[in-house]
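Chemist: dropping the sequence and predicted coords here.
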Protein chains: 2
Amino acid sequence: MTTPDPEGLLAEQLLRLTRRVHRIQKRHLERRDLGVTPAQSRLLRTLAHYGSPPRMADLAERLEVVPRAVTTLVDGLEANGYVRRVPDPTNRRVTRIELTDEGRETLRELRGARRSAAEEILAPLTEKERQVLGVLLDTLIDGEVAKRC
Amino acid sequence: MTTPDPEGLLAEQLLRLTRRVHRIQKRHLERRDLGVTPAQSRLLRTLAHYGSPPRMADLAERLEVVPRAVTTLVDGLEANGYVRRVPDPTNRRVTRIELTDEGRETLRELRGARRSAAEEILAPLTEKERQVLGVLLDTLIDGEVAKRC
DNA sequence: GCTCATTGTTACCTATACTCACAATGAACG
DNA sequence: CGTTCATTGTGAGTATAGGTAACAATGAGC
């Protein structure tokens, strides 16, 4: 457009794009019919990065949401048998979240959904442009984290 | 990380960043205490781009949401006196949405909120990097639009 | 042993956007 | 003219994602 306001526009673009990412992601997830919402998918994916089952609080921090939000997500995933709450033997306050075999299987299928969704979104960009975009987004994300410390 | 999955990661980064944009935007809006939510702010801004008052349907298309969603947003803005619903004399089905003087005033204040929010988000990037990011995001957005036609 | 911090959860609220159904209106056409 | 069909906005209800506040159970420090 002709607005002399690149900064405001950037936020606008980001939001607009993400609404789209959400929609596309949701559609690809629904197509697989696994009963997994985008946020649950994200938690599942995050879970796979841990060596040993993390605590709820760990997940909350990693996902950048309040602990209460994690409870709801885990509830849904547990109802579908994708994760399991296991009590920590050394500290009875904490519950650790474990991927079930079914959860691992689902994760594999989700990877396909994620890939096709990403491909659909990023289609207009060349490989090189995608790399640049990745670096820029990383900078933004890390910048924010650094500020907090 | 070490995940050999740049495409899935990009979507992830985008979503993560936008959650943050949302939070920051919301905080900056609340600070001004204008009773305007992020989505309402976006509608208000969109409204300013029209020469003559658009129809609800126009706004829905521009905002890329279903018409029903616009109703709710306009309800909120109208309750605060920022916009006005005016019947179209030539077609009694359509309602046109008009910015009030107060709405225009609010828009000016919002610009400040938007700028400071954007500055906070984009702080880690140089001017040049911001431009590149803008172009890339634009490409993604336009690519999607082009595909639809 | 008392106080205080940590951990997850119950209960509730908000924002955003969706579908479906519907009433009012306009347009097309026999 | 009237019948049919498309357009336009909205009521009703739902889903997703997140947030706050209060709380009970537990652990840690002194």
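Modeler: Here it is on my side, so go on. Numbers count the residues shown, from 1 in each chain, chains lettered A, B, ... in the order given.
Chemist: list the buried residues of stretch A:132-145.
Modeler: For stretch A:132-145, a neighbour-count test (16 or more other Cβ atoms under 10 Å in any protein chain shown) marks A:132-134, A:136-137, A:139-141, A:144 as buried. Every residue, glycine included, has its C-beta placed from N, CA and C.
Chemist: quick one: average confidence on it?
Modeler: Here stretch A:132-145 scores 81 as its mean pLDDT.
Chemist: looking at the buried residues of stretch A:132-145, which is nearest A:Arg62?
Modeler: A:Ile141 (12.6 Å; Cβ to Cβ).
Chemist: and the contacts of whichever helix or strand the closest one is part of?
Modeler: Taking DSSP states H and E as the criterion, A:Ile141 maps to helix A:127-148. With Cβ atoms under 8 Å, 6 or more residues apart in numbering or on different chains as the test, helix A:127-148 has contacts from A:122, A:125, B:6-7, B:9-10, B:13-14, B:16-17, B:20, B:121-125, B:129, B:132-133, B:136, B:139.
Chemist: any idea of the angle it forms with helix B:127-148?
Modeler: On the basis of axes from the mean of the first three to the mean of the last three Cα atoms, to 10 degrees, helix A:127-148 is oriented at 130 degrees to helix B:127-148.
Chemist: any idea how far A:Leu133 is from B:Val86?
Modeler: To B:Val86, A:Leu133 is 42 Å away according to Cβ to Cβ, to the nearest Å.
Chemist: swap in A:Glu120?
Modeler: Per Cβ to Cβ, A:Glu120 is found 40 Å from B:Val86.
Chemist: so between those two, which is more surrounded?
Modeler: More neighbours surround A:Glu120 than the other of A:Glu120 and B:Val86, with 17 against 12 (other Cβ atoms under 10 Å in any protein chain shown).
Chemist: hang on, the more buried one packs against A:Ile24?
Modeler: Yes: applying Cβ atoms under 8 Å, one finds A:Glu120 in contact with A:Ile24, separated by 5.5 Å.
Chemist: mind naming the longest helix for chain A?
Modeler: Assignment by DSSP state H gives helix A:6-32 as the longest helix of chain A.
Chemist: per-residue confidence for the residue nearest the centre of chain A?
Modeler: In chain A, the C-alpha closest to the average C-alpha coordinate belongs to A:Arg42, at a distance of 2.9 Å (Cα atoms, centre = their mean). Per-residue pLDDT puts A:Arg42 at 93.
Chemist: helix/strand/coil for it?
Modeler: Under DSSP: H, G, I helix; E, B strand; the rest coil, A:Arg42 falls in the helix class.
Chemist: excluding covalently adjacent residues, which one is nearest to it?
Modeler: Leaving aside its sequence neighbours, A:Arg42 sits nearest to A:Leu63 (Cβ to Cβ, 6 or more residues apart in numbering or on different chains; 6.8 Å).
Chemist: and A:Glu78, by the same measure?
Modeler: Using Cβ to Cβ, 6+ apart, the nearest residue to A:Glu78 is A:Arg85, at 6.3 Å.
Chemist: so that neighbour is in which element?
Modeler: Per DSSP H and E: A:Arg85 is located in strand A:83-87.
Chemist: could you see whether DNA strand D lies near that strand?
Modeler: No: Strand A:83-87 lies out of reach of DNA strand D by Cβ under 7 Å from any atom of the strand, never closer than 9.4 Å.
Chemist: buried sites along that strand?
Modeler: By neighbour count with 16+ other Cβ under 10 Å, strand A:83-87 contains the buried residues A:83-84.
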